[in-house]
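> model this:
(chains A and B)
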Amino acid sequence: MKQSDYFLKTQKTVSGEDTAVNAKLLEQAGFVQKVLAGVYSYLPLGMRVLSKIENIIREEMDAIGANEILMPAMQPKENWQKTERWDSLDVLFKVKSAHGYELALGPTHEEIVTPMAKSLISSYRDLPKSVYQIQTKFRDEARAKSGLMRGREFRMKDLYSFHASEEDLSQYYLQVAQAYTRIFQRLGIPALYVEASGGSFSKYSHEFQVETPQGEDLVYVCNGCNLGVNKEIFTDDKKCTNCDTHDYRETHASEVGNIFELKTKFSDSFDLKYSAEDGSLKPVLMGCYGIGPSRCMGVIVEEHHDDNGIIWPIEIAPFKVHLIALNSDNSEVTDSAEKIYQNLQAQGVEVLYDDRENLSPGQKLADSDLIGIPYRVVISTKTLEQNKLELKQRSSDAAVLIDQDQLLENISK
RNA sequence: CGGGGACUGGCCUAAUUGGUUAAGGCACUCGGUUUGGGACCGAGAGACUCCGGGUUCGAGUCCCGGGUUCCCGACCA
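Presented below is the predicted three-dimensional model:
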């Protein structure tokens, strides 16, 4: 992609009002634009990152046999009354239509997926099953805050599983936990596995928490094995269920994933039952599992940045290479850069080519640091004198001059 | 939802604390110069100062009401 054609403009200044690093950097670097408190547009750069995050999640969901579906944001009021959440869930957006009826904007999808399953599950032979979606959620948070970290409209992957027995549910629950661990590793956000309360759903749940000062949760982490416990269920005499110690540290963390055993809470509400082998009718057991891709994006920026801008982990970077023609008035430079650009494209390397004319070197380099693409390749009169190019990783200070035909091997590492 | 701050061209800010034609930087347009860390010169375009009411000879500035937004707290399936 040529930068001169790209729907992107960085800003030199950004309001000091927003104190969250992710909000500042993502807006300044042209990834997102705030529309309302907690509601953002994703510009092309931001959309690329979000898609990469969601695709990693998608791959890992597919790998544990979940089927992707898509459910609506607009949901019937009756379903929410059936589960008694129309009145009790205070983050529920209630919309009044022009014709007078009311509906809900989905903050979550148990109210849709459970009745959906009724027509698909009627026998033990139909179980287990699991479906997921990556979709936009709406929650009327009393206070949106911290950029992408707590929004009123945000992206969420929600997975729902259906089982005939508690054993099968528990086994799948662990499988999801392992998939989540892989996801967060790939996203570059080492997440803690944390015991938490089940809220109104069940006795307990597990959260995936990333240690960060911006985090809203207080978590106690076992110094022996790193298993965490959310403050909400932590007691002073708490013994680590994994390694038997009482040795905990306290830390702020942001919840990027959460898994619940719903058991029969929603199958009871919607009368979701199956015929067992013995002919008896039994309630289907359910689990639900969420990850917030947009919150992950915010957390990643909180974790990966320096004074000059963002430092994207390679798997989710908007592009792999930022190619910069420094002295764009020199046709040798632009010819050479154009050739490298074409080459990289032909090799399937995602490259953003800063071909903008009449910009000072400082401006291009500062923009590049701000945007945070992992590899920076500079072509200038200086590098051409030696018939080379300059390669630098965003995460390091060291730039090296290499032969132009060695670029691919150097960035594949 | 409680408490506190803020709101001025697309963006960041200023305006003697109530004074006349709302100032500057970024970005933008035109011309010129410049090219390894956010260059420079000249010219130009761009504003019902969040909205509504009030006080006053006079309101961006003070008062009342509303809105939006940020921060702290509460909340967080």
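> Quickly find the element holding the residue in the stretch 301-413 of chain A that RNA strand B sits nearest to.
RNA strand B sits closest to A:G362 of the stretch 301-413 of chain A, with a gap of 2.6 Å, by C-beta to the nearest atom of the strand. Glycine gets a C-beta too; all of them are placed from N, C-alpha and C. Element membership of A:G362, judged by DSSP states H and E, is helix A:361-371.
> same check, this time on A:Y160
Assigned by DSSP H and E, A:Y160 falls within strand A:153-163.
> Tell me the strands beside that strand, with direction?
Strand A:153-163 pairs in its sheet with strand A:129-138 (antiparallel), strand A:285-291 (antiparallel), by DSSP bridges.
> buried residues in the longest one?
Looking back up the chat, that one is strand A:129-138. The neighbour-count check on strand A:129-138 (16 or more other C-beta atoms under 10 Å) flags A:K129, A:S130, A:V131, A:Y132, A:Q133, A:I134, A:Q135, A:K137, A:F138 as buried.
> Tally up the residues packed near the nearest residue to A:A366 once chain neighbours are set aside, please.
Leaving aside its chain neighbours, A:A366 sits nearest to A:N308 (7.2 Å; criterion: C-beta to C-beta, 6 or more residues apart in numbering). For A:N308, the count of nearby residues is 14 (other C-beta atoms under 10 Å).
> Tell me who's in contact with A:N308.
A:A366, A:D369, A:L370 (C-beta atoms under 8 Å, 6 or more residues apart in numbering).
> do you know how far the last one is from A:N358?
Separation of A:L370 from A:N358 (C-beta to C-beta, to the nearest Å): 19 Å.
> For the stretch 201-350 of chain A, which residues are neighbours of RNA strand B?
A:F201, A:E216, A:D217, A:N258, A:C288, A:G290, A:G292, A:N308, A:L326, A:N327, A:S328, A:D329 (C-beta under 7 Å from any atom of the strand).
> If we use 10 Å, what do you get?
Residues of the stretch 201-350 of chain A lying close to RNA strand B by C-beta under 10 Å from any atom of the strand are A:201-202, A:205, A:207, A:213-218, A:230-232, A:254-255, A:257-258, A:260, A:262, A:265-266, A:288-292, A:295, A:307-309, A:324-330, A:333.
> Can you turn the buried part of those residues into a PyMOL selection?
Buried members of those, defined by 16+ other C-beta under 10 Å, are picked up in PyMOL with:
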select buried, chain A and resi 201+205+207+214+215+217+230+254+255+257+258+260+262+265+266+288+289+290+291+292+295+309+324+325+326+327+328+330+333
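> Return the subset of the residues of the stretch 201-350 of chain A next to RNA strand B lying in strands.
Within these, residues falling in strands by DSSP state E are A:202, A:205, A:207, A:217-218, A:230, A:254-255, A:257-258, A:260, A:262, A:288-291, A:309, A:324-325.
> give the contact list for the spatially most central residue of chain A.
For chain A, the residue sitting closest to the mean C-alpha position, by C-alpha atoms, centre = their mean, is A:P293 at 2.2 Å. Contacts for A:P293 (C-beta under 8 Å, 6+ apart) come out as A:L50, A:I53, A:E54, A:I57, A:I134, A:R155, A:M156, A:K157.
> go on, A:S146?
Contacts of A:S146 by C-beta under 8 Å, 6+ apart are A:A20, A:N22, A:A23, A:Q214, A:E216, A:G298.
> one more time with 6 Å
A:S146 makes contact with A:A20, A:Q214 under the criterion C-beta atoms under 6 Å, 6 or more residues apart in numbering.
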